[in-house]
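A.B. asks: The sequence isn't on hand, but the structure is:
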């Protein structure tokens, strides 16, 4: 996660925790899709894959940890939809 936190965001937005506390959400571009690391998963799932991908990071009002992982996607459009599904449908994108 630390490596992803330092990547420049390619898309930023704000979501409201509990409908009133603004928190930031970011989508970053990366060249490695991290695998699960679980030996019981198929190799395509368990091992890291070198491919263009997008990671979702978001903040919470508590601020610890500074960024929480919200998942990954293979396209920017998929990442936006995933963020809206997992974090909040009311994300306001900059």
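C.D. replies: Structure's in. What do you need? Since we're looking at a predicted model, the values are computed, not measured.

A.B. asks: drop to CA atoms for contacts and neighbour counts, all remaining ones
C.D. replies: Noted.

A.B. asks: who touches the closest residue to residue 34 other than its chain neighbours in this structure?
C.D. replies: Leaving aside its sequence neighbours, residue 34 sits nearest to residue 48 (Cα to Cα, 6 or more residues apart in numbering; 4.5 Å). Contact analysis of residue 48 by Cα atoms under 8 Å, 6 or more residues apart in numbering lists 32-36.

A.B. asks: can we see that at 10 Å?
C.D. replies: Each residue near residue 48 by Cα atoms under 10 Å, 6 or more residues apart in numbering is listed here: 32-37.

A.B. asks: buried subset of the residues you listed?
C.D. replies: 33-34 (16 or more other Cα atoms under 10 Å).

A.B. asks: so, if you compare the contacts of residue 48, which one comes nearest to residue 44?
C.D. replies: Ranked by distance to residue 44 (Cα to Cα), those are led by residue 35 at 7.7 Å.

A.B. asks: Can you tell me the centre-most residue of the chain?
C.D. replies: residue 56 (1.2 Å; Cα atoms, centre = their mean).

A.B. asks: The helix or strand containing that one pairs with which strands?
C.D. replies: For residue 56, the host element (DSSP states H and E) is strand 49-58. Strand 49-58 has these partner strands in its sheet, going by DSSP bridges: strand 21-33 (antiparallel), strand 68-73 (antiparallel).

A.B. asks: May I see the buried residues of that strand?
C.D. replies: Using 16+ other Cα under 10 Å as the test for burial, strand 49-58 gives 53-58.
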